[in-house]
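Asker: Would you be able to build a 3D model of this:
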Amino acid sequence: MSSSSSTSTTRWHIGAKHLRGAMAAYAKRFDLLEVRAARSGQAGESADAAPGPSVATLRRWRKSVPPHFDFAVVAGPHLSRVKASDAVEQEIEVAQAAIDALQARCFVLRTPPDVTPTSLWRDRIAKIVARIPHDVTHFVWEPSGVWETADAAAQAREWGIVLALDPAREVVPAGPVAYLRLRALGETQSFSPIALERIVNAVGPRRDVFAIIETDTAPAEAKRLRQIARKSRPEVVGGATRLIRPRGDIIVRDDEQE
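Answerer: The predicted structure follows:
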(Lines give C-alpha, C1' and ligand atoms only; values in the text may rest on other atoms or scores of the structure.)
Protein backbone atom coordinates (compact mmCIF):
# COMPACT_ATOMS: atom_id res chain seq x y z
CA MET A 1 0.00 0.00 0.00
CA SER A 2 2.93 2.39 0.50
CA SER A 3 4.09 4.43 -2.43
CA SER A 4 7.50 3.92 -4.01
CA SER A 5 10.43 4.20 -1.64
CA SER A 6 12.74 5.75 -4.25
CA THR A 7 14.54 8.92 -3.28
CA SER A 8 12.50 10.98 -5.75
CA THR A 9 9.12 9.95 -4.40
CA THR A 10 7.52 10.83 -1.08
CA ARG A 11 6.45 7.80 0.90
CA TRP A 12 3.00 8.26 2.42
CA HIS A 13 2.08 6.16 5.48
CA ILE A 14 -1.65 6.50 6.18
CA GLY A 15 -3.68 5.30 9.16
CA ALA A 16 -7.07 5.71 10.83
CA LYS A 17 -7.83 7.07 14.29
CA HIS A 18 -8.47 3.65 15.82
CA LEU A 19 -8.00 -0.02 15.07
CA ARG A 20 -11.42 -1.43 14.24
CA GLY A 21 -11.75 -5.16 13.74
CA ALA A 22 -8.86 -7.54 13.08
CA MET A 23 -5.38 -6.26 12.35
CA ALA A 24 -5.22 -8.19 9.07
CA ALA A 25 -8.38 -6.46 7.80
CA TYR A 26 -7.10 -3.03 8.91
CA ALA A 27 -3.78 -3.61 7.11
CA LYS A 28 -5.62 -4.11 3.80
CA ARG A 29 -6.82 -0.49 3.92
CA PHE A 30 -4.08 1.29 5.86
CA ASP A 31 -0.34 1.01 6.43
CA LEU A 32 0.02 2.97 9.69
CA LEU A 33 -1.43 2.49 13.18
CA GLU A 34 -1.02 4.53 16.36
CA VAL A 35 -0.75 2.42 19.52
CA ARG A 36 -0.92 3.98 22.97
CA ALA A 37 1.69 2.79 25.45
CA ALA A 38 0.18 3.18 28.92
CA ARG A 39 1.19 1.39 32.10
CA SER A 40 -1.05 -1.06 33.91
CA GLY A 41 -3.88 0.86 35.56
CA GLN A 42 -4.29 1.09 39.31
CA ALA A 43 -7.33 1.49 41.49
CA GLY A 44 -8.74 5.00 41.44
CA GLU A 45 -7.19 5.99 38.14
CA SER A 46 -9.30 7.50 35.37
CA ALA A 47 -10.28 5.68 32.20
CA ASP A 48 -7.57 7.44 30.18
CA ALA A 49 -4.99 5.54 32.24
CA ALA A 50 -6.26 2.14 31.05
CA PRO A 51 -3.34 -0.09 30.05
CA GLY A 52 -2.37 -0.49 26.41
CA PRO A 53 -1.89 -3.80 24.60
CA SER A 54 0.55 -6.29 26.09
CA VAL A 55 4.01 -6.78 24.60
CA ALA A 56 2.92 -10.22 23.41
CA THR A 57 -0.01 -8.67 21.55
CA LEU A 58 2.24 -6.02 20.01
CA ARG A 59 4.66 -8.67 18.76
CA ARG A 60 1.77 -10.60 17.27
CA TRP A 61 0.56 -7.46 15.50
CA ARG A 62 4.02 -6.82 14.06
CA LYS A 63 4.20 -10.36 12.68
CA SER A 64 0.67 -10.22 11.23
CA VAL A 65 1.24 -7.22 8.94
CA PRO A 66 3.46 -6.73 5.87
CA PRO A 67 7.01 -5.36 6.34
CA HIS A 68 6.02 -1.97 4.89
CA PHE A 69 3.27 -1.49 7.53
CA ASP A 70 4.36 1.07 10.15
CA PHE A 71 3.44 1.66 13.78
CA ALA A 72 3.54 4.84 15.85
CA VAL A 73 3.71 4.48 19.65
CA VAL A 74 1.76 7.18 21.50
CA ALA A 75 2.85 8.22 25.00
CA GLY A 76 0.57 7.32 27.90
CA PRO A 77 -1.38 9.99 29.84
CA HIS A 78 1.18 10.48 32.61
CA LEU A 79 4.13 10.80 30.24
CA SER A 80 2.15 13.25 28.09
CA ARG A 81 1.89 15.63 31.06
CA VAL A 82 5.74 15.65 31.26
CA LYS A 83 5.87 15.99 35.04
CA ALA A 84 8.44 13.78 36.74
CA SER A 85 6.86 10.93 38.70
CA ASP A 86 7.04 7.18 39.20
CA ALA A 87 4.15 6.81 36.75
CA VAL A 88 6.14 8.68 34.09
CA GLU A 89 9.13 6.39 34.62
CA GLN A 90 6.89 3.37 34.18
CA GLU A 91 5.35 4.77 31.01
CA ILE A 92 8.78 5.48 29.54
CA GLU A 93 9.65 1.82 30.08
CA VAL A 94 6.33 0.73 28.56
CA ALA A 95 6.86 3.01 25.56
CA GLN A 96 10.36 1.72 24.92
CA ALA A 97 9.15 -1.89 25.14
CA ALA A 98 6.32 -1.09 22.70
CA ILE A 99 8.70 0.61 20.26
CA ASP A 100 10.94 -2.46 20.28
CA ALA A 101 8.07 -4.97 19.94
CA LEU A 102 6.45 -3.08 17.05
CA GLN A 103 9.69 -1.89 15.43
CA ALA A 104 7.85 1.44 15.51
CA ARG A 105 8.84 4.19 13.09
CA CYS A 106 7.45 6.98 15.31
CA PHE A 107 6.97 7.86 18.97
CA VAL A 108 4.29 10.50 19.55
CA LEU A 109 4.17 12.79 22.58
CA ARG A 110 0.82 14.62 22.66
CA THR A 111 1.04 17.31 25.34
CA PRO A 112 -2.17 18.75 26.87
CA PRO A 113 -3.17 22.46 26.91
CA ASP A 114 -1.69 23.06 30.37
CA VAL A 115 1.79 22.33 28.95
CA THR A 116 2.43 25.90 27.82
CA PRO A 117 5.33 27.67 26.01
CA THR A 118 7.17 28.62 29.22
CA SER A 119 10.80 27.76 29.93
CA LEU A 120 9.69 25.33 32.66
CA TRP A 121 7.57 23.25 30.30
CA ARG A 122 10.15 23.45 27.51
CA ASP A 123 12.78 22.06 29.88
CA ARG A 124 10.46 19.25 30.94
CA ILE A 125 9.69 18.27 27.35
CA ALA A 126 13.40 18.41 26.49
CA LYS A 127 14.11 15.89 29.24
CA ILE A 128 11.56 13.49 27.75
CA VAL A 129 13.06 13.98 24.29
CA ALA A 130 16.46 13.02 25.72
CA ARG A 131 15.03 9.88 27.33
CA ILE A 132 13.47 8.36 24.20
CA PRO A 133 16.00 7.14 21.59
CA HIS A 134 15.18 8.64 18.19
CA ASP A 135 18.05 7.57 15.98
CA VAL A 136 15.80 5.07 14.18
CA THR A 137 12.37 5.99 15.56
CA HIS A 138 11.16 9.53 14.81
CA PHE A 139 10.25 11.50 17.95
CA VAL A 140 7.01 13.35 17.16
CA TRP A 141 5.69 16.16 19.37
CA GLU A 142 2.06 17.24 19.12
CA PRO A 143 1.37 20.28 21.33
CA SER A 144 -2.07 21.70 22.02
CA GLY A 145 -3.42 24.83 23.65
CA VAL A 146 -1.70 28.20 23.22
CA TRP A 147 1.39 27.11 21.30
CA GLU A 148 1.82 29.06 18.04
CA THR A 149 2.74 26.80 15.12
CA ALA A 150 5.83 28.84 14.17
CA ASP A 151 7.12 28.82 17.77
CA ALA A 152 6.46 25.09 18.17
CA ALA A 153 8.14 24.37 14.81
CA ALA A 154 11.23 26.35 15.83
CA GLN A 155 11.38 24.51 19.13
CA ALA A 156 10.99 21.13 17.40
CA ARG A 157 13.88 21.99 15.06
CA GLU A 158 16.04 22.91 18.04
CA TRP A 159 15.32 19.52 19.65
CA GLY A 160 15.78 17.65 16.39
CA ILE A 161 12.26 16.19 16.40
CA VAL A 162 9.14 16.26 14.19
CA LEU A 163 6.18 18.56 14.87
CA ALA A 164 2.73 16.99 14.33
CA LEU A 165 -0.09 19.21 13.11
CA ASP A 166 -3.27 19.46 11.06
CA PRO A 167 -2.24 20.43 7.50
CA ALA A 168 -5.73 21.75 6.72
CA ARG A 169 -5.38 24.44 9.38
CA GLU A 170 -1.64 24.91 10.03
CA VAL A 171 1.44 25.48 7.87
CA VAL A 172 3.53 22.31 7.59
CA PRO A 173 7.15 22.99 8.67
CA ALA A 174 10.01 22.24 6.31
CA GLY A 175 11.92 19.01 6.76
CA PRO A 176 12.32 15.48 5.38
CA VAL A 177 9.56 14.01 7.58
CA ALA A 178 6.01 15.26 8.21
CA TYR A 179 3.48 13.92 10.72
CA LEU A 180 -0.11 14.93 9.99
CA ARG A 181 -3.41 14.57 11.82
CA LEU A 182 -6.44 15.20 9.61
CA ARG A 183 -9.07 16.03 12.22
CA ALA A 184 -12.84 15.83 11.96
CA LEU A 185 -13.71 19.15 13.59
CA GLY A 186 -16.87 21.27 13.38
CA GLU A 187 -18.42 20.99 9.94
CA THR A 188 -15.45 19.01 8.63
CA GLN A 189 -16.65 15.41 8.82
CA SER A 190 -14.85 14.29 5.66
CA PHE A 191 -12.23 15.56 3.21
CA SER A 192 -13.14 16.04 -0.44
CA PRO A 193 -10.69 15.27 -3.27
CA ILE A 194 -10.07 19.02 -3.60
CA ALA A 195 -9.22 19.28 0.11
CA LEU A 196 -6.88 16.28 -0.12
CA GLU A 197 -5.15 17.81 -3.15
CA ARG A 198 -4.53 20.97 -1.17
CA ILE A 199 -3.08 18.92 1.69
CA VAL A 200 -0.65 17.19 -0.66
CA ASN A 201 0.24 20.63 -2.01
CA ALA A 202 0.85 21.90 1.52
CA VAL A 203 3.12 18.99 2.40
CA GLY A 204 5.22 19.08 -0.78
CA PRO A 205 8.11 16.67 -1.41
CA ARG A 206 9.39 14.81 1.65
CA ARG A 207 11.13 11.56 2.40
CA ASP A 208 8.27 10.29 4.55
CA VAL A 209 4.80 11.55 5.46
CA PHE A 210 2.86 9.91 8.29
CA ALA A 211 -0.83 10.82 8.19
CA ILE A 212 -3.65 9.89 10.58
CA ILE A 213 -7.15 10.46 9.17
CA GLU A 214 -9.67 10.83 11.99
CA THR A 215 -12.91 10.85 9.98
CA ASP A 216 -15.44 8.01 9.78
CA THR A 217 -14.76 7.83 6.03
CA ALA A 218 -11.02 7.32 6.49
CA PRO A 219 -10.72 4.19 4.25
CA ALA A 220 -12.05 6.02 1.20
CA GLU A 221 -10.02 9.14 1.96
CA ALA A 222 -6.84 7.09 2.43
CA LYS A 223 -7.35 5.57 -1.02
CA ARG A 224 -7.92 9.00 -2.60
CA LEU A 225 -4.95 10.51 -0.78
CA ARG A 226 -2.61 7.83 -2.15
CA GLN A 227 -3.91 8.38 -5.66
CA ILE A 228 -3.38 12.14 -5.42
CA ALA A 229 0.09 11.73 -3.88
CA ARG A 230 1.15 9.41 -6.70
CA LYS A 231 0.19 12.08 -9.24
CA SER A 232 2.19 14.75 -7.37
CA ARG A 233 5.63 13.38 -8.16
CA PRO A 234 8.80 15.42 -8.66
CA GLU A 235 10.17 15.55 -12.19
CA VAL A 236 13.46 16.90 -13.51
CA VAL A 237 13.10 20.02 -15.64
CA GLY A 238 16.23 21.61 -17.09
CA GLY A 239 18.48 19.92 -14.57
CA ALA A 240 16.37 21.01 -11.58
CA THR A 241 13.66 19.15 -9.71
CA ARG A 242 10.20 20.65 -9.40
CA LEU A 243 7.02 19.23 -7.92
CA ILE A 244 4.05 18.58 -10.17
CA ARG A 245 1.06 19.18 -7.90
CA PRO A 246 -2.43 20.66 -7.97
CA ARG A 247 -2.93 24.39 -8.13
CA GLY A 248 -4.45 26.34 -5.27
CA ASP A 249 -3.76 27.83 -1.87
CA ILE A 250 -2.10 25.79 0.83
CA ILE A 251 -4.69 26.32 3.52
CA VAL A 252 -7.90 24.37 3.02
CA ARG A 253 -11.09 26.37 3.41
CA ASP A 254 -13.83 24.86 5.56
CA ASP A 255 -16.34 24.83 2.70
CA GLU A 256 -13.99 22.60 0.67
CA GLN A 257 -13.55 19.98 3.39
CA GLU A 258 -17.08 18.71 3.46
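Asker: nearest residue to the spatially most central residue of the chain other than its sequence neighbours?
Answerer: For the chain, the residue nearest the mean C-alpha position is residue 179 (4.2 Å; CA atoms, centre = their mean). Closest residue to residue 179 apart from its sequence neighbours, by CB to CB, 6 or more residues apart in numbering: residue 164 at 4.1 Å. C-beta here means a position set from N, CA and C on the backbone, and glycine is covered the same way.
Asker: which phi and psi does that neighbour have?
Answerer: phi -90, psi 140 (degrees, to the nearest 10).
Asker: how many other residues sit next to residue 99?
Answerer: Number of residues near residue 99 (other CB atoms under 10 Å) recorded here: 24.
Asker: excluding its backbone neighbours, what's nearest it?
Answerer: That would be residue 73: by CB to CB, 6+ apart, it lies 5.1 Å from residue 99.
Asker: Over to residue 225?
Answerer: Distances taken as CB to CB, 6+ apart place residue 196 nearest to residue 225, at 5.1 Å, with adjacent residues excluded.
Asker: would the one you found count as being in a strand?
Answerer: No - applying DSSP: H, G, I helix; E, B strand; the rest coil, one finds residue 196 to be helix, outside a strand.
Asker: any idea how far it is from residue 65?
Answerer: The gap separating residue 196 from residue 65 is 24 Å, by CB to CB, to the nearest Å.
Asker: try residue 220
Answerer: According to CB to CB, residue 220 stands 21 Å off from residue 65.
Asker: quick one, which of those two is more surrounded?
Answerer: Higher neighbour count among residue 220 and residue 65: residue 65, with 19 against 14, using other CB under 10 Å.
Asker: coming back round to it: secondary structure class for the residue nearest to the centre of the chain?
Answerer: Residue 179 - assigned by three-state DSSP - is strand.
Asker: Contact partners for it?
Answerer: If you count contacts by CB atoms under 8 Å, 6 or more residues apart in numbering, residue 179 has them with 106, 108, 138, 140, 142, 162-165, 209-211.
Asker: Isn't the residue nearest to residue 225 up against residue 223?
Answerer: No - counting by CB atoms under 8 Å, residue 196 stays clear of residue 223, with 10.2 Å between them.
Asker: Can you name every helix or strand that the helix ranked longest in the chain contacts?
Answerer: Longest helix in the chain by number of residues (criterion: DSSP state H): helix 86-102. Judged by 3 or more CB pairs under 8 Å, 6 or more residues apart in numbering; DSSP states H and E, the packing partners of helix 86-102 are strand 32-37, helix 55-64, strand 70-75, helix 77-80.
Asker: between the ones you listed, which gets nearest to residue 94?
Answerer: strand 32-37 (4.7 Å; CB to CB).
Asker: average pLDDT for that closest one?
Answerer: The average of the pLDDT scores along strand 32-37 is 96.
Asker: ranges for the strands of this protein?
Answerer: Assigned by DSSP state E, the strands in the chain fall at 11-16, 32-37, 70-75, 106-110, 138-142, 162-165, 177-182, 208-213, 234-237, 240-243.
Asker: Make JSON lines out of these and add distance to residue 125.
Answerer: Below are the strands of the chain laid out as JSON lines (distance: least, CB to CB, whole Å):
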{"stretch": "strand 11-16", "distance to residue 125": "24"}
{"stretch": "strand 32-37", "distance to residue 125": "17"}
{"stretch": "strand 70-75", "distance to residue 125": "11"}
{"stretch": "strand 106-110", "distance to residue 125": "7"}
{"stretch": "strand 138-142", "distance to residue 125": "7"}
{"stretch": "strand 162-165", "distance to residue 125": "12"}
{"stretch": "strand 177-182", "distance to residue 125": "16"}
{"stretch": "strand 208-213", "distance to residue 125": "20"}
{"stretch": "strand 234-237", "distance to residue 125": "34"}
{"stretch": "strand 240-243", "distance to residue 125": "33"}
